[in-house]
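[1] coordinates for the following, if possible.
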Amino acid sequence: MDLQVIVQLIGNVGFPIAMSLILLQTILIKFNKQMDGLEKRLAQLDKTMNVLVKAFHQSDSKIQTRQEKKVDV
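    Numbering: from 1, shown residues only. From the prediction side, this is the model:
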C-alpha cells in the first residue's frame with residue numbers, strides 16, 4: 001500500500017479501523033507464506049513416506065521368500 005491510499009483510508013474510516021485493516025493484511029500475508037511452506041513440507045513428507053513404505057514392502061517380501069525357501073527344504 002502506498003501512503004496516499006493509507007491517508008485516504010484513515011480519512012474515510014478512521015485511524016483504529018485503518019490500522020486494523022493494515023494489520024489484518026500483514027497477518028494474512030504471513031499466514032499464507034507459512035501455509036505454502038507447510039504445504040511443501042507435507043508434500044516432501046508424503047514422498048518420503050511412500051519411499052519408506054515401498055522399501056518396507058520389498059524387504060518384507062524378501063524375508064517371506066527366504067522363509068518359504070527354508071520351509072521347502
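
[2] contacts and neighbour counts: CA atoms only from here.
    OK.

[3] thought Ala18 was touching Val5?
    No. At 10.4 Å, Ala18 and Val5 do not qualify as touching, with contact defined as CA atoms under 8 Å.

[4] of those two, which one has the most company?
    It is Ala18, of Ala18 and Val5, that has more neighbours when counted by other CA atoms under 10 Å, with 18 against 10.

[5] now for the closest residue to the more buried one other than its chain neighbours, how many residues are close by?
    Among residues not flanking Ala18 along the chain, Ile10 sits closest, at 5.5 Å (CA to CA, 6 or more residues apart in numbering). Counted with other CA under 10 Å, the neighbours of Ile10 add up to 15.

[6] what about Leu21, how many neighbours?
    Residue neighbour count, defined by other CA under 10 Å, stands at 13 for Leu21.

[7] residues contacting the helix or strand hosting the residue nearest to Ala18, please?
    Here Ile10, judged by DSSP states H and E, is contained in helix 3-13. Counting by CA atoms under 8 Å, 6 or more residues apart in numbering, the neighbours of helix 3-13 from elsewhere in the structure are Ile17, Ala18.

[8] next one: it to chain centre, how far?
    For helix 3-13, the distance between its averaged C-alpha position and the chain's averaged C-alpha position is 35 Å (CA atoms, centre = their mean, to the nearest Å).

[9] what's the average pLDDT for that helix?
    The average pLDDT within helix 3-13 is 85.

[10] just after that helix, pick out the following helix or strand.
    Toward the C-terminal end, the helix or strand that comes next after helix 3-13 (DSSP H and E) is helix 15-72.

[11] other SSEs contacting that following helix?
    helix 3-13 (3 or more CA pairs under 8 Å, 6 or more residues apart in numbering; DSSP states H and E).

[12] could you check the angle helix 15-72 makes with the helix it packs on?
    110 degrees (axes from the mean of the first three to the mean of the last three CA atoms, to 10 degrees).

[13] what residue ranges in this structure score low on pLDDT?
    When the per-residue scores of the chain are filtered using pLDDT under 70, the ranges that remain are 1, 68-73.
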